[in-house]
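Engineer: Provide a 3D model corresponding to the input given below.
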Amino acid sequence: MDCVRIHFRMGPTFVALALVALAGSACTGPPMPPAEFQTKPVDGVYRIGSGDVVRVSVWKNPELSADVPVRPDGMISVALLDDVQADGLTTEELKAVITTELNEFITNPDVTVVVLTTGSKRVFVVGEVARPGPVPMGAELRVLDVISFAGGFGPFADESDIRVLRTIEGVEHEYHFDYGSFLGGSAPGTNIILQPGDTVVVPD
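Structural biologist: All right, here's what the predicted structure looks like:
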């Protein structure tokens, strides 16, 4: 609600009562995104997920080195070790796990882990855009970044009712974004940062 300036022509007693009544109704700016869609602190490191491909290299042991996909169950297959949990780990954490387990077979293994492709971290855009589909999250993405990656709005896009769908603990939440209001400066802070798995819907 915009601030409203009120002029009184009544006596001072009426004005004082009116000011007391309005004291609890402070002027507010544009509505902010609900808690489920507000920016949360991140640790600044990449965590491996299902759909990624990682390169596991063991120095002087080429037979143990391979490029392996992270399966839907979050595991990777490593020679001598069979399945190793990778989902949710950083490359350094996965390196430590593999090194510890390989110690049973090799003396002081020198392991390197690198993420080759980041198939697990992506968002989706559907509806009235030029190229709907998945968008990889190589860096921080906001609503308008994803629409730009998708080639921009289609000719019939309803730019005032863009929606972001996010599932948290099995519950789907919906956030509405008004492109015109944001671009016009009346809705700052509403071009939210997206999280992996979000879907941006641009209706017609």
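Engineer: name the SS class of Val126, please.
Structural biologist: Of the three states, Val126 takes strand under DSSP: H, G, I helix; E, B strand; the rest coil.
Engineer: and the residue lying closest to it once chain neighbours are set aside, how far from Glu36?
Structural biologist: Of all residues not flanking Val126 in the chain, Pro132 sits nearest, at 4.9 Å (CB to CB, 6 or more residues apart in numbering). All C-beta spots, glycine's among them, are computed from the backbone N, C-alpha and C. According to CB to CB, to the nearest Å, Pro132 stands 24 Å off from Glu36.
Engineer: how about Val146?
Structural biologist: Distance, Val146 to Glu36, using CB to CB: 18 Å.
Engineer: for these two, indicate the residue with more neighbours.
Structural biologist: Counted by other CB atoms under 10 Å, Val146 and Glu36 do not tie: Val146 has more neighbours, with 23 against 15.
Engineer: and Ile162, how many residues sit next to it?
Structural biologist: 25.
Engineer: quick one: Val200 and Val146 touch, right?
Structural biologist: Yes. Here Val200 reaches Val146: they are 5.2 Å apart, a contact under CB atoms under 8 Å.
Engineer: give the intersection of the neighbour lists for these two.
Structural biologist: Residues touching both Val200 and Val146 by CB atoms under 8 Å, 6 or more residues apart in numbering: 123, 125, 194.
Engineer: same list (those) but as TSV, adding distance to Ile98 and neighbour count.
Structural biologist: What follows is the shared contacts of Val200 and Val146, written out as TSV (distance: CB to CB, whole Å; neighbours: other CB atoms under 10 Å):
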residue	distance to Ile98	neighbour count
Val123	30	22
Val125	36	24
Leu194	31	24
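Engineer: give the burial count for the nearest residue to Thr91 once chain neighbours are set aside, as a bare number.
Structural biologist: Excluding its sequence neighbours, the residue lying closest to Thr91 (CB to CB, 6+ apart) is Val113, at 4.4 Å. The local packing of Val113 (other CB under 10 Å) involves 22 other residues.
Engineer: so where do the strands sit in this protein?
Structural biologist: 53-58, 66-69, 75-78, 82-85, 111-117, 122-127, 133-136, 162-168, 171-177, 199-202 (DSSP state E).
Engineer: contacts for the third one, please.
Structural biologist: What it means is strand 75-78. 54, 56, 64, 66, 68-70, 83-87, 98, 101.
Engineer: the first one now?
Structural biologist: Residues outside strand 53-58 that contact it (CB under 8 Å, 6+ apart) are 48, 64-70, 76, 78, 86, 91, 94, 98, 102, 106, 109-117, 119.
Engineer: now the second one
Structural biologist: Applying CB under 8 Å, 6+ apart, the set of residues contacting strand 66-69 from outside is 51-56, 76-79, 116.
Engineer: go with 10 Å
Structural biologist: Applying CB atoms under 10 Å, 6 or more residues apart in numbering, the set of residues contacting strand 66-69 from outside is 50-58, 75-79, 84, 86, 114, 116-117, 119.
Engineer: now restrict these to buried residues only.
Structural biologist: Among these, those classed as buried by 16 or more other CB atoms under 10 Å are 50-54, 56-58, 75-76, 78, 84, 86, 119.
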